[in-house]
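Q: Task: produce atomic coordinates for the following.
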Amino acid sequence: MKKLLVTGAALAAGGALLAGYVYGSMASTSELFGASVIAGAEETPETPTLALTYDDGPSVRNTPALLDLLAEHQVHATFFLVGDHVRRHTALARRVVAAGHVIGNHTMTHPNLARCLPGRVRRELEQCQKTIEDLLGVSPVLFRPPYGARRPDVTRAACRMGLTPVLWNAAAQDWLDIGADAMLANVDQGLQINREAGRASTVLLHDGSQLDKEAPLSRADTLVVTKRLLQRAHYRFITPLEWLPNAQN
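A: Got it, this is the predicted structure:
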């Protein structure tokens, strides 16, 4: 019986450690495995502050319409670009830069970095960074790990390259086929929680997909969500650059 109790305690402890590891590596608001920019303090609750961020682009199917929509409302967003997609759609990626949006490193091929060996992690970040620098003429200072997945060495590798990890505290969950109304409800739920905590919001959206090849996935619902958010005249839209420790306000 004593042996069984000891074994049960060991299994429980192992399960707790595993749960802690999964939370630290995947939860977007966890900083267990290194500091990240999530969102700053909310300055005026009556004027919610949002940073719109878009992952996995550029996409020839979705990004042009998104750029038009953002330009119509004179809002700058942050695009975390996949290096392979930049290489495939360089002219479109240059249009994102020319419009004044912030460019972030989203790895070269969009792997789950929490499952990659350290050498692969470094190559993914370095190759994406070099692709963006060579083809677009800008050097990203922001990095978002695909799926939000990271380990301590992922955060260290990014920081050694001068990249600040950026996660999020509101997500549309637009990778699910749930429709624009449900996506907006997800965002609004996050915004409400953040406001009650006195926090601004970084919103996770997607203009592309890691699976995009010759027939890119539609993000029509994401465009609808973006339009509805932009139509809220009392919102203040910024980029995560304003929340960096050395930002000049």
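Q: Beyond the lengthiest strand in the chain, next helix or strand please.
A: If you go by DSSP state E, the chain has its longest strand at strand 49-57. Next helix or strand after strand 49-57 toward the C-terminus (DSSP states H and E): helix 63-72.
Q: Identify each buried residue in stretch 192-211, please.
A: In terms of neighbour count (16 or more other Cβ atoms under 10 Å), stretch 192-211 has its buried residues at 194-195, 199-210. No exception for glycine: its C-beta is placed from N, CA and C like everyone else's.
Q: Present the residues you listed as TSV; the columns should include secondary structure.
A: Shown next, in TSV, are the buried residues of stretch 192-211 (DSSP: H, G, I helix; E, B strand; the rest coil):
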residue	secondary structure
194	helix
195	helix
199	strand
200	coil
201	strand
202	strand
203	strand
204	strand
205	strand
206	strand
207	coil
208	coil
209	coil
210	coil
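Q: ok, so of the residues you listed, who is nearest residue 185?
A: Closest approach between the buried residues of stretch 192-211 and residue 185, by Cβ to Cβ: residue 203, at 13.1 Å.
Q: List the residues that contact that closest one.
A: 50-53, 168, 170-172, 187, 190, 229 (Cβ atoms under 8 Å, 6 or more residues apart in numbering).
Q: which of these tops the neighbour count?
A: Of all the contacts of residue 203, the highest neighbour tally under other Cβ atoms under 10 Å goes to residue 51, namely 28 neighbours.
Q: wait, what's in contact with that residue?
A: Residue 51 neighbours (Cβ under 8 Å, 6+ apart): 39, 77-78, 200-203, 237-240, 242-243.
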